[in-house]
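Participant: Just need the structure, nothing else, for what follows:
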Amino acid sequence: MSDLSITDLMFAYGAWVNDDNNDLGCKSPSLMLIKSAPKQCADAVKPPSKRVVAHITDDEAMAIDRAMKLLRERHLVLYHVVRYYFIYNWTVLDIAVDYLTVLEYGNESKKKLSSYHTKPLLTEGMGFISGALARDTA
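Facilitator: Next comes the predicted model:
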């Protein structure tokens, strides 16, 4: 497995999942870099911030995919938190308000959960994936 931290590995996995190359053949690391570059509008004052991610191989991404499948089977809420954060690029506050609040209080509630409820779940989900990857490579 790669020497990247689990956070960098998960952001690279999110970029791998969102890659829209549907053609057969190899994916170029430079093409992934070009596609992940921030897009500048003509009237923008400052460039939008976008995370630059490392390149991972298809084998590494498939190992993370297997770990995500295992997470989905065992802890569905943790799976959704990790998926929303790394694949759909939601913030921890978005996850707390739009996903966890609905689970906790329902759609009609005026109560809202804060990002403090999301961070431990995200950490636990990443720990599960890290452990699954360590077990998979051992």
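
Participant: Now do the helices in the chain.
Facilitator: Counting by DSSP state H, the chain has helices at residues 6-18, 29-35, 58-74, 76-86, 92-95, 101-105, 118-137.

Participant: can I get the ones you listed in TSV with distance to K112 and mean pLDDT?
Facilitator: Yep, even glycine has a C-beta here, placed from its N, CA and C like the rest. Formatted as TSV, the helices of the chain follow (distance: least, C-beta to C-beta, whole Å; pLDDT from 0 to 100):
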stretch	distance to K112	mean pLDDT
helix 6-18	26	89
helix 29-35	35	62
helix 58-74	26	93
helix 76-86	16	95
helix 92-95	9	92
helix 101-105	5	85
helix 118-137	12	92
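
Participant: Put together a markdown table for those, with distance to K111 and mean neighbour count on each row.
Facilitator: Listed next are the helices of the chain as a markdown table, based on distance: least, C-beta to C-beta, whole Å; neighbours: other C-beta atoms under 10 Å:
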| stretch | distance to K111 | mean neighbour count |
| --- | --- | --- |
| helix 6-18 | 30 | 19 |
| helix 29-35 | 40 | 12 |
| helix 58-74 | 27 | 16 |
| helix 76-86 | 18 | 20 |
| helix 92-95 | 15 | 18 |
| helix 101-105 | 5 | 13 |
| helix 118-137 | 15 | 16 |
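
Participant: can those helices go into JSON lines with extra columns for distance to V52?
Facilitator: Shown next, in JSON lines, are the helices of the chain (distance: least, C-beta to C-beta, whole Å):
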{"stretch": "helix 6-18", "distance to V52": "9"}
{"stretch": "helix 29-35", "distance to V52": "8"}
{"stretch": "helix 58-74", "distance to V52": "17"}
{"stretch": "helix 76-86", "distance to V52": "15"}
{"stretch": "helix 92-95", "distance to V52": "20"}
{"stretch": "helix 101-105", "distance to V52": "31"}
{"stretch": "helix 118-137", "distance to V52": "20"}
